[in-house]
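Asker: Have a look at this fold, sequence not included:
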């Protein structure tokens, strides 16, 4: 299994027989090198979206057309982005789907979700996170969120050993809050921060998270560097 950071909150997860592109914002992402686009997209089977904001979903339509991947997410967002010829897997919080052997459960997040239009923001369904299980691991992908009480039962029920946590602050929980959530609600062996370093308003490094999680392997890979499990 490989987890590959594509910058900001975008990931390529190679698990079971699936290649999942999580919130793949590549064009316009200052963290992502444009000459690596083909490498990031090659073999993609699914595009999995946590919510509709542009720094997560703006490139989804073009990527779906270029790859033929299946769009996965909450029904309202899939309806807005699916379009003609795009296969979708629409489900909701509490639901679990099989994506080429990877078992993906949609869980709660606390944020907002809309798509920008010339007439202003358009509702895009609720924001979400995911539990992704396969190859002997369970990944908690937080999506954009703050700390929430739901994390207690999510950690107890799903027992994820890997956490991909938004931690940049300003729009989501920051490094200190992510460390608190990880310690209080989960028992991660590995944590990978995201949604940071992209813009000046966000945290520029993960040292506070690293210092806040002694005994946890906090990984801060470079863009397009695989973390192998």
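Answerer: Alright, I've got the coordinates. In this text the structure is predicted, and so the values were computed from the model without any measurement. Numbering: from 1, shown residues only.
Asker: All the helices of this protein, residue numbers only.
Answerer: Taking DSSP state H as the test, the helices found in the chain are 37-41, 54-57, 60-67, 75-81, 150-158, 175-185, 207-212.
Asker: Which among these is found nearest to residue 107?
Answerer: helix 150-158 (5.5 Å; CB to CB). Just so you know, the C-beta spots here come from the backbone N, C-alpha and C atoms, and that holds for glycine as well.
Asker: Tell me the spatial nearest neighbour of residue 54, not counting adjacent residues.
Answerer: Distances taken as CB to CB, 6 or more residues apart in numbering put residue 116 closest to residue 54, at 6.1 Å, once the chain neighbours are dropped.
Asker: what's the burial count for that neighbour?
Answerer: Residue 116 has 13 neighbours, counted by other CB atoms under 10 Å.
Asker: bridging residues for it?
Answerer: Going by DSSP bridges, residue 116 is paired in beta bridges with residue 121.
Asker: State the distance from it to residue 131.
Answerer: Relative to residue 131, residue 116 is positioned 29 Å away (criterion: CB to CB, to the nearest Å).
Asker: Repeat that for residue 89.
Answerer: Distance of residue 89 to residue 131, computed by CB to CB: 15 Å.
Asker: What sits closest to residue 202 if chain neighbours are left out?
Answerer: residue 168 (3.5 Å).
Asker: correct me, but the residue nearest to residue 54 touches residue 57?
Answerer: No - using CB atoms under 8 Å, residue 116 makes no contact with residue 57, being 10.2 Å away.
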